[in-house]
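>>> predicted model follows, preceded by the sequence.
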Amino acid sequence: MRRRDFVLGALGTGALPYLVPAPAFAQTKRAAIPYGAAIRDGAMIDDPVYPQAIIDYCQLVVGEGNLKWSELRPTRETFAFQLADDLMAFADKNGMEMRGHTLVWYASNPDWVEAIANADEARAEMVHHIETVVGRYKGRVRSWDVVNEPMADHPKTGALYRDSIWLRHLGPDYVELALRTAAAVDPDAQLVINDFDFEQSNDKARAKRKAFLDMVRGLKSRDVPLHAIGLQGHIQGELTIDKPGLTAFVAELASMDLAVLVTELDVIDNLLPRPEIERDGIIAQRAKDYLRGYWGGKTPRSRAHLGHQ
């Protein structure tokens, strides 16, 4: 038995919408939760099996790096769209959607971004970037991770947000600026804030859930255009899933008229037992618990993209 067969079997019926293979999946894909993957540009060229697997199993694609500033903005004056355009063409040709990841992030920035010197410069560069990128794919990329990972790993009073060039120059209002700018360019796009580490049964995750909810409530109270929250399920395999806590968190977000997306899903297994059968059983259980916590025992309604940055 292959590792993949074992893991998929152990996940069981709770995750079946993700697991039905083509061509059977193609017959039900409009009713099922869309399944997607992060795409490695090199593998699309070098490995013929790779793009075919994407075609067979996926309805959504997202570039691992081709829309991040580090790849897209080699210099202040230039945009390098070729890789993103190639993936967009692949998605169009095969009847898929491409999600946009990401417009604003603390990481993966070229050196010239990290050298931004003041608030006026930061504001101008962020707005110019979002207007150019969202404008290029207006009407084609229908869902954007506008702000990625804004919350501190250990949020506390006075330090709720993760340090970044944007936070240092613009303060927490950079989140609102990014969302309002994206909405002005494409009013029909789904605008998403994407973050991680909400699912654990520890004080760190509970504090992060609270800080994140407080941020979202503030944005909603100011009528900031925000339509969905992306949950990055970077599950630490050695830690149990707080299913009640995750269910309550998702329900609170949904009560604010927000869609909740599983944008990424992987299990970090370096601290798990070495024997494959034991390790894979734990991996499968963690993924199953995560999805059950996310769904809260209800019929799945939200869209999902499963991948890894």
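That came in fine, so what should we check first? Since the structure is predicted, the reported quantities are computational estimates derived from the model, not experimental observations.
>>> residues contacting Leu231?
Counting by Cβ atoms under 8 Å, 6 or more residues apart in numbering, Leu231 touches 195-196, 198-199, 250, 260-264, 294. The way it works is simple: take the backbone N, C-alpha and C, and place the C-beta from them, glycine included.
>>> alpha carbons of the stretch of helix or strand it belongs to, as CSV, please.
Element membership for Leu231, per DSSP states H and E: strand 228-236. Provided in CSV are the C-alpha atoms of strand 228-236 (Å, rounded to 0.1, in the frame of the first residue of the first chain):
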residue,chain,number,x,y,z
ALA,A,228,-13.4,36.0,3.4
ILE,A,229,-10.8,34.7,5.8
GLY,A,230,-8.2,32.2,4.7
LEU,A,231,-7.1,29.5,7.2
GLN,A,232,-3.6,28.2,6.6
GLY,A,233,-3.7,24.7,8.0
HIS,A,234,0.1,24.3,8.7
ILE,A,235,-0.7,21.7,11.3
GLN,A,236,2.1,20.7,13.7
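>>> follow-up on the earlier one: out of the contacts of Leu231, who's nearest Ile277?
Of all the contacts of Leu231, Glu199 has the smallest distance to Ile277: 24.5 Å, by Cβ to Cβ.
>>> from Ala205, how far out is the closest one?
7 Å (Cβ to Cβ, to the nearest Å).
>>> looking at those two, which one has more neighbours?
Counting neighbours by other Cβ atoms under 10 Å for Glu199 and for Ala205 shows that Glu199 has the greater number, 26 against 20.
>>> can I assume that one is in contact with Ala287?
No - assessed by Cβ atoms under 8 Å, Glu199 is found out of contact with Ala287, at 10.9 Å.
>>> quickly list what's touching both of the two.
233, 235.
>>> now the helices for the stretch 51-200 of the chain?
Under the criterion DSSP state H, counting those that start in this stretch, the stretch 51-200 of the chain carries helices at the ranges 69-72, 82-93, 111-114, 119-136, 165-170, 173-185.
>>> helices and strands of this structure: which one bottoms out on pLDDT?
In the chain, no helix or strand scores lower on mean pLDDT, DSSP states H and E than helix 16-19, which sits at a mean of 30.
>>> quick revisit: may I have the strands that pair with the strand holding Leu231, each with its orientation?
The pairing partners recorded for strand 228-236 under DSSP bridges are strand 190-196 (parallel), strand 259-268 (parallel).
>>> re earlier: Gly281: which of the helices of the stretch 51-200 of the chain is closest?
Per Cβ to Cβ, nearest to Gly281 of these: helix 82-93, 34.7 Å.
>>> identify each buried residue in the closest one, please.
Buried residues in helix 82-93, defined by neighbour count with 16 or more other Cβ atoms under 10 Å: 83-84, 86-88, 90-91.
>>> how about these in JSON lines, adding pLDDT and distance to His169?
Below are the buried residues of helix 82-93 laid out as JSON lines (pLDDT from 0 to 100; distance: Cβ to Cβ, whole Å):
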{"residue": "Leu83", "pLDDT": "96", "distance to His169": "29"}
{"residue": "Ala84", "pLDDT": "97", "distance to His169": "26"}
{"residue": "Asp86", "pLDDT": "96", "distance to His169": "33"}
{"residue": "Leu87", "pLDDT": "97", "distance to His169": "31"}
{"residue": "Met88", "pLDDT": "98", "distance to His169": "31"}
{"residue": "Phe90", "pLDDT": "97", "distance to His169": "36"}
{"residue": "Ala91", "pLDDT": "97", "distance to His169": "35"}
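>>> which one of those is nearest to Ala178?
Nearest to Ala178 among the buried residues of helix 82-93: Ala84, at 18.5 Å, using Cβ to Cβ.
>>> for that closest one, give its distance to Asp269.
Distance from Ala84 to Asp269, by Cβ to Cβ: 31 Å.
>>> among the strands paired with strand 228-236, which is the most enclosed?
strand 190-196 (a mean of 23; mean count of other Cβ atoms under 10 Å).
>>> which SSE is immediately downstream of it?
Next along from strand 190-196, by DSSP H and E: helix 203-221.
>>> the stretch 1-150 of the chain: strands as residue ranges?
For the stretch 1-150 of the chain, the strands defined by DSSP state E, counting those that start in this stretch cover 36-39, 60-63, 97-98, 100-105, 143-148.
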